[in-house]
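Student: here's my sequence, what's the structure:
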Amino acid sequence: MYKIIDGHGTGKTTRLITLAKETDATIVAKDPDYVRYKAERLGIFGVEVLSYEEFIFLRSQKPEKQFLLDEILTFANYMTAKTGGKLLGYTFSDNDIE
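Tutor: Residues are numbered from 1 along each chain as shown. Predicted coordinates:
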């Protein structure tokens, strides 16, 4: 499993786009239009980018597909809010590598 952990505005999404191109994975992002725009500005074309809603639908249709999540905590907050709740905290094990 790839992990890109860094501060805000440090190029995490750029690295994720590059990784998606190298691995033929689909990026899941809060703002897929921004990710597509950023990829094009980098000269990277052919990377599939889905919104959270598209991911939720597609995941059940194609479970074998590989995905890369842009800002996983934002995704977790989104998923929790969809259930009417609020994410109060989380754990993260940095040695969980598959």
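
Student: wait, isn't Thr18 in contact with Ala39?
Tutor: No. Counting by Cβ atoms under 8 Å, Thr18 stays clear of Ala39, with 9.1 Å between them. Heads up, the C-betas are built off the backbone N, CA and C, glycines and all.

Student: neighbour count: these two, which is higher?
Tutor: Legend: neighbour count by other Cβ atoms under 10 Å for Thr18 and Ala39, higher for Ala39 (22 against 15).

Student: all helices of this structure, in order?
Tutor: Remark: helices assigned in the chain by DSSP state H are 12-23, 32-41, 52-61, 72-82.

Student: dump the residue contacts of the most centrally placed residue in the chain.
Tutor: The structure's the chain has its C-alpha centroid closest to Leu69; by Cα atoms, centre = their mean the separation is 1.6 Å. Taking Cβ atoms under 8 Å, 6 or more residues apart in numbering, we find Leu69 in contact with Ile27, Val28, Ala29, Phe75.

Student: okay, the closest residue to Val28 other than its chain neighbours: pLDDT?
Tutor: The spatially closest residue to Val28, leaving aside those adjacent along the chain, is Phe55, at 4.3 Å (Cβ to Cβ, 6 or more residues apart in numbering). The per-residue pLDDT reported for Phe55 equals 90.

Student: go ahead and confirm Phe55 touches Phe67.
Tutor: Yes. With contact defined as Cβ under 8 Å, Phe55 reaches Phe67; the gap is 6.8 Å.

Student: can you pull the residues that touch both of those two?
Tutor: Val28.

Student: more neighbours: those two, which one.
Tutor: Set side by side, Phe55 and Phe67 show more neighbours around Phe55, with 20 against 15, by other Cβ under 10 Å.

Student: distance of that one relative to Leu69?
Tutor: 8 Å (Cβ to Cβ, to the nearest Å).

Student: again with Ala81
Tutor: 16 Å.

Student: having no further points to raise, I will conclude here.
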